[in-house]
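>>> model the structure of this input:
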Amino acid sequence: MFYLGDRPVAIDKTKSINENAIITGHLKEYYDINISGKLSLISISFKPYGLSMFFDIPLNEIYNQNVPFKYLFKHDTVELEIKLFDANSFIERIMIIENYLLKILNKHINKYDYNRIEH
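Modelled structure (predicted):
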């Protein structure tokens, strides 16, 4: 999730969101948040195996956690956030995120580019 503007505050302080860009693993239960001020966010949902194509850690490591984006994607995250804040439209923000994720995916594609059928 990318928070642009004010971040929500979790009622349970152990679930606080302290970053503008986070990755949330599968949650075992929901939690409530308070929204105040101006909130704009972009959320991307991946199928269970889809997110693993982007980094080399087991997904159970982020189970039931909010992990700052910069911990998993160490390169260019500051630049990405600046571009998102400076973008003039929601569509432009989507394009920025899409291009960033495609760039990362292309770096990892050799690990998952298997010949599934051989003749």
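>>> determine which residue lies closest to the centroid of this structure.
Ile23 (4.2 Å; Cα atoms, centre = their mean).
>>> can you read off the pLDDT for it?
Here, the pLDDT recorded for Ile23 equals 86.
>>> dig out what it forms beta bridges with.
Val67 (DSSP bridges).
>>> tell me the contacts of it?
1, 51, 62, 66-69, 72 (Cβ atoms under 8 Å, 6 or more residues apart in numbering). Just so you know, the C-beta spots here come from the backbone N, C-alpha and C atoms, and that holds for glycine as well.
>>> and the two most separated of these?
For the contacts of Ile23, the maximum inter-member distance is 15.1 Å, found between Leu51 and Pro68 (Cβ to Cβ).
>>> what sits up against the helix of greatest length in the chain?
Taking DSSP state H as the criterion, the chain has its longest helix at helix 90-112. With Cβ under 8 Å, 6+ apart as the test, helix 90-112 has contacts from 2, 4, 42, 44, 53-55, 73, 76, 80, 83-84, 87.
>>> retrieve the pLDDT associated with His26.
For His26, pLDDT reads 82.
>>> does it touch Tyr63 like I think?
Yes - assessed by Cβ atoms under 8 Å, His26 is found in contact with Tyr63 at 5.7 Å.
>>> buried stuff in the longest helix of the chain?
Counting neighbours by 16 or more other Cβ atoms under 10 Å, one finds that the buried residues in helix 90-112 are 93, 96-97, 100-101, 104.
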